[in-house]
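Trainee: mind looking at a prediction? Sequence and model below.
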Amino acid sequence: MLEVKDIVVRYGRREVIHELSLSVADGEVVTLIGSNGAGKTTTLKSISGLLRPVSGSIVFDGERIDTMQPHDIIARGVVQVPEGRLLFPDMSVGEHIELGGVRARSGGRTYSERVDWVHEMFPILLERRDQKAGTLSGGQQQMLAIARGLMANPRCLMLDEPSLGLAPIMVDLLADTIRSLHEAGITILLVEQRVDLALRLAHRGYVLETGRVVLEERAEVLLEDPRVKAAYLGA
Ligand SMILES: Nc1ncnc2c1ncn2[C@@H]1O[C@H](COP(=O)(O)OP(=O)(O)OP(=O)(O)O)[C@@H](O)[C@H]1O
Ligand SMILES: [Mg+2]
């Protein structure tokens, strides 16, 4: 479904992604693992068109997307939930949900079906529909960021550090949400500091070090890999 091939990404003159390749199959949950600065966010931003690789290609459903504008990529169903949520503190919950549906992929659920769907998934967002996003708890803000992404009707949802700053109970809820999105047929590319959680949710994982893939394996294999254990699982 998604094929990233040999992408090189620079910030100014500094190259931070060096010929990175990865693929995600339809219906798969794939995780990108790596320490701070490894290039996880940069990779996701390149897929969603916020950054443009200087070489290599990104193909989604047989179509090159690395030359497209971000809104055209969203319209094809590739949607990123950004690191740090990036909500508008003074905008209401309901307005965020509406906004998420503005550049949606056509097909699948209708707009109003999606509104019902996200409210069913996150009832608190319906309760707090008129509340400003800035007044929500961290967990509720993450729900809203995901709900906004779902309003775009994604086929492939990219989540960047969704558990960041969440209380343990909210992390469990988040894990349940990711599982149910997978069951709903959404393909997921997950970046997560909680590597144990990510590997329990994912089918496969890629380990990134300074802008390169150094390991690619099935999640259960990575969970047992001594290098992964030592570097990311605190074992
Ligand atoms: N806007 C930017 N301008 C210049 N350099 C950047 C910019 N954003 C990131 N970098 C650099 O690019 C490299 C990759 O950063 P990136 O944010 O992709 O890493 P990450 O794996 O997402 O890290 P983290 O776990 O901290 O979120 C790092 O060396 C970082 O300092
Ligand atoms: Mg990041």
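Mentor: Everything's here; your move. Ligands and ions are numbered 1, 2, ... in the order given.

Trainee: from here on, just use CA atoms for contacts and neighbour counts.
Mentor: OK.

Trainee: contacts for stretch 27-46 next, please.
Mentor: Applying CA atoms under 8 Å, 6 or more residues apart in numbering, the contact partners of stretch 27-46 are 9, 16-17, 24, 51-53, 66, 80, 83, 158, 160, 182, 185-193, 195, 198-199, 201-212, 232.

Trainee: how far away is residue 225 from ligand 1?
Mentor: Separation of residue 225 from ligand 1 (CA to the nearest ligand atom, to the nearest Å): 20 Å.

Trainee: next: residue 61.
Mentor: From residue 61 to ligand 1 the distance is 24 Å (CA to the nearest ligand atom).

Trainee: same question, residue 62
Mentor: Note on residue 62: its distance to ligand 1, by CA to the nearest ligand atom, is 26 Å.

Trainee: which residues touch that residue?
Mentor: Residue 62 neighbours (CA under 8 Å, 6+ apart): residue 1.

Trainee: and residue 205, by the same measure?
Mentor: Neighbour list for residue 205: 30-33, 199, 216-219, 222 [criterion: CA under 8 Å, 6+ apart].

Trainee: spell out the secondary structure type for it.
Mentor: Assigned by DSSP: H, G, I helix; E, B strand; the rest coil, the conformation of residue 205 is strand.

Trainee: which residues does it bridge with?
Mentor: Beta bridges link residue 205 to residue 31, residue 217, judged by DSSP bridges.

Trainee: and it, what pLDDT?
Mentor: Note for residue 205: predicted pLDDT of 98.

Trainee: that one and residue 226, how far apart?
Mentor: Distance, residue 205 to residue 226, using CA to CA, to the nearest Å: 15 Å.

Trainee: ok, of the contacts of residue 205, which come out buried?
Mentor: 30-33, 199, 216, 219, 222 (16 or more other CA atoms under 10 Å).

Trainee: end to end on stretch 66-74, go ahead and measure it.
Mentor: Start and end residues of stretch 66-74 are separated by 12 Å (CA to CA).

Trainee: tell me which element residue 159 falls in.
Mentor: Counting by DSSP states H and E, the element that carries residue 159 is strand 156-160.

Trainee: ok, back up a step: can you redo the contacts of residue 205 as CSV with pLDDT?
Mentor: Formatted as CSV, the contacts of residue 205 follow (pLDDT from 0 to 100):
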residue, pLDDT
30, 98
31, 98
32, 98
33, 96
199, 97
216, 97
217, 97
218, 98
219, 97
222, 97
